[in-house]
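In: Here is a sequence with its predicted model. Questions after.
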Amino acid sequence: MLKKSLNLKLALVILVSILLLTNCSNNSSEKIAADHETLIVSTYGRVMNINLEQNKIQWQYQSKYNLDGNRNLFSLSDDLLVQPFESGELIAFNINTGKILWQEHILGGGDGAEEAIATQDGTLDTTFVNSLKPLFMTQPLIAENNVYITSTNQPESQNHPALYNFNKKTGEKNWVENLPTVFNLFRPVLLNDYIFVNSAVFLNMYSKNEGTNTSYGIFDGADELPNAEPSQFTNPIYAQMLSDGKYLFVGDEKGRFYALHFDKNNNLPVSDITDPNNTFAKNPKLFEWKFENPNISSIQEDGNTYLYDDYILACVNQTDKVQPAIIAIDKNSGKLKWKTELKGIEKWRLVGNKITATNGELIFLLNTDGDVTTTLKTEKKYAPISNIEIDKNDDLIYATEQGIVKYELKTKKFVVLIKQAFVNGHHNYFQIKYLRKK
């Protein structure tokens, strides 16, 4: 084993990234630039581009450090696919060719020094990397020319979880800012030139260009009040935050949702940094509205949320019933608009103007008014193990343990597009995304 300074490795990675980018075309389109009808697949550290016009694997990549699962989601922008891995790898691929445009490998040090154990060939030792995992358990935010991503660590680790800002085109690290806890499980949100991060009970705000941790104008602690808690929520905010450009919408693990509205200085309505009661937990006047329903016990474990028109969509567990439900909350008033119970659903997505959901046996298709338009029972060989996408013909596409399957709504037939063995595991996020040809 050789112990090497990570600085040398990072310098080499940056150099390689620059060389790679020299030969890459610049695509400034704001739309996803797929050369053919495409399905992107990510599971167990493997990323695949499936050509749906020829029903073949166009390219694929396998991380050697993540063979046992990868609880991360990729993000897309232009012809870029950015995939984090639990091992701390962050790789930017060209969507169409699979070419690695840049890659970084964090080791949990945050904004401090990092050291690595390498093998004789200069690559990071697998046992060493596995001892650090998980380092990412999230989804990156791609905004303007930046990639923002939060890291995690083992709770007992002495390492530092952090918010990273990388240059979208080159992968160069712009800045790093340490985070208050390791529970950084969701994509950051950009609002009013600030990046928001939910970290357990804390909601932090950072300037997008410098990464400066910035106050909302509320109580953040004081030396003369050592026993007063700085501003935090009562319960962990384990839901994907959302923004419509005006409000920030925050959800907690109990299924409560909050709307925050900031003034031109990015302060909240009650600006008093000296009052220990001026916190998210103690001062309801900080919120434009708060949604709470006695029949809701918690947000579903994946914490998925979506904005559609004037609705916030979420999946919740109920106090009085066994079945979970998808709900729609009016984003302007915080009132419940509709609730649809679905038997045991494990995965759900907003796809265009439709909602797909599955419990691993049944497939549900809903409109955005909460009406169930299709309920489909699958045989075991066609049972979904991924989220469900909708193609240009309104047919359903998803993964099974045997491969990629299409369900044609008109003919009511299942068609196997790609025969490929996949594993249905709990310590893994199986993500697919359908892309139309540009």
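Out: Alright, I've got the coordinates.
In: going forward, measure contacts and count neighbours with C-alpha atoms only.
Out: Noted.
In: What residue spans form the domains of the protein?
Out: Here the domain parsing of the chain from automatic domain parsing is 1-26+63-214, 31-57+346-438, 222-341.
In: ok, of the ones you listed, where does mean pLDDT dip lowest?
Out: Mean pLDDT values for those show the minimum at domain 1-26+63-214, a mean of 86.
In: just checking, P84 touches L90?
Out: Yes - between P84 and L90 a contact is recorded at 4.4 Å, counting by C-alpha atoms under 8 Å.
In: quick one, which of these two is more surrounded?
Out: Legend: neighbour count by other C-alpha atoms under 10 Å for P84 and L90, higher for P84 (28 against 22).
In: Would you list the phi and psi of the more buried one?
Out: Per-residue torsions, P84: phi -90, psi 160 (degrees, to the nearest 10).
In: For it, which residues are in contact?
Out: By C-alpha atoms under 8 Å, 6 or more residues apart in numbering, the residues touching P84 are N72, L73, F74, L90, I91, F136, M137, T138, Q139, P140.
In: ok, the most centrally placed residue in the chain to T152 distance?
Out: For the chain, the residue lying nearest the average C-alpha position, counting by C-alpha atoms, centre = their mean, turns out to be Q139 (3.0 Å). Remark: distance between Q139 and T152 (C-alpha to C-alpha, to the nearest Å) = 12 Å.
In: Which neighbours do these two have in common?
Out: Here Q139 and T152 have L185 as joint contacts, going by C-alpha under 8 Å, 6+ apart.
In: quick one on the thing from earlier: tell me the one of the contacts of P84 nearest G425?
Out: N72 (13.6 Å; C-alpha to C-alpha).
In: Just give the number of residues close to the closest one.
Out: N72: 24 surrounding residues under other C-alpha under 10 Å.
In: residue contacts, it?
Out: Taking C-alpha under 8 Å, 6+ apart, we find N72 in contact with Q83, P84, F85, E86, F136, M137, T138, Q139, N428, Y429.
In: What degree of burial does the closest residue in space to A259 that isn't next to it in sequence show, as a neighbour count?
Out: Nearest non-adjacent residue to A259, counting by C-alpha to C-alpha, 6 or more residues apart in numbering: F249, 4.7 Å away. Neighbour count for F249, taken as other C-alpha under 10 Å: 25.
In: Show me what F249 is bridged to.
Out: Beta-bridge partners recorded for F249 (DSSP bridges): L242, A259.
In: Please name the residues that touch it.
Out: By C-alpha under 8 Å, 6+ apart, F249 lies in contact with M241, L242, S243, F257, Y258, A259, L260.
In: do that again at 6 Å, thanks
Out: Listed by C-alpha atoms under 6 Å, 6 or more residues apart in numbering, the contact set of F249 reads M241, L242, S243, Y258, A259.
In: hmm, back to that, of the contacts of P84, which is the most crowded?
Out: In terms of neighbour count, F136 stands highest of these at 30 neighbours, by other C-alpha under 10 Å.
In: Would you confirm that that residue contacts S87?
Out: No - F136 is not in contact with S87 according to C-alpha atoms under 6 Å; the separation is 7.1 Å.
In: now, which of the contacts of P84 lie within strands?
Out: Among the contacts of P84, the members found in strands (DSSP state E) are L90, I91.
In: Considering the contacts of P84, which is situated nearest to E379?
Out: L73 (27.8 Å).
In: residues contacting that closest one?
Out: Residues near L73 by C-alpha under 6 Å, 6+ apart: Q139.
In: Need phi/psi at it.
Out: phi -120, psi 140.
In: what's the answer for Y398, then?
Out: Dihedral angles for Y398 - degrees, to the nearest 10 - are phi -160, psi 180.
In: okay, now the spatially closest residue to it that is not a sequence neighbour: neighbour count?
Out: Nearest residue to Y398 in three dimensions, chain neighbours excluded: I388, at 4.9 Å (C-alpha to C-alpha, 6+ apart). Using other C-alpha under 10 Å, I388 has 27 neighbouring residues.
In: Tell me the spacing between I388 and D369.
Out: To D369, I388 is 19 Å away according to C-alpha to C-alpha.
In: What of Y164?
Out: In this view, Y164 and D369 are 38 Å apart by C-alpha to C-alpha.
In: What of K413?
Out: Separation of K413 from D369 (C-alpha to C-alpha): 27 Å.
In: again, but for I312
Out: As defined by C-alpha to C-alpha, I312 lies at a distance of 12 Å from D369.
In: Comparing those two, which residue is more hemmed in?
Out: I312 (21 against 16).
In: so that one touches I329, yeah?
Out: Yes - I312 lies in contact with I329 (C-alpha under 6 Å); the separation is 5.0 Å.
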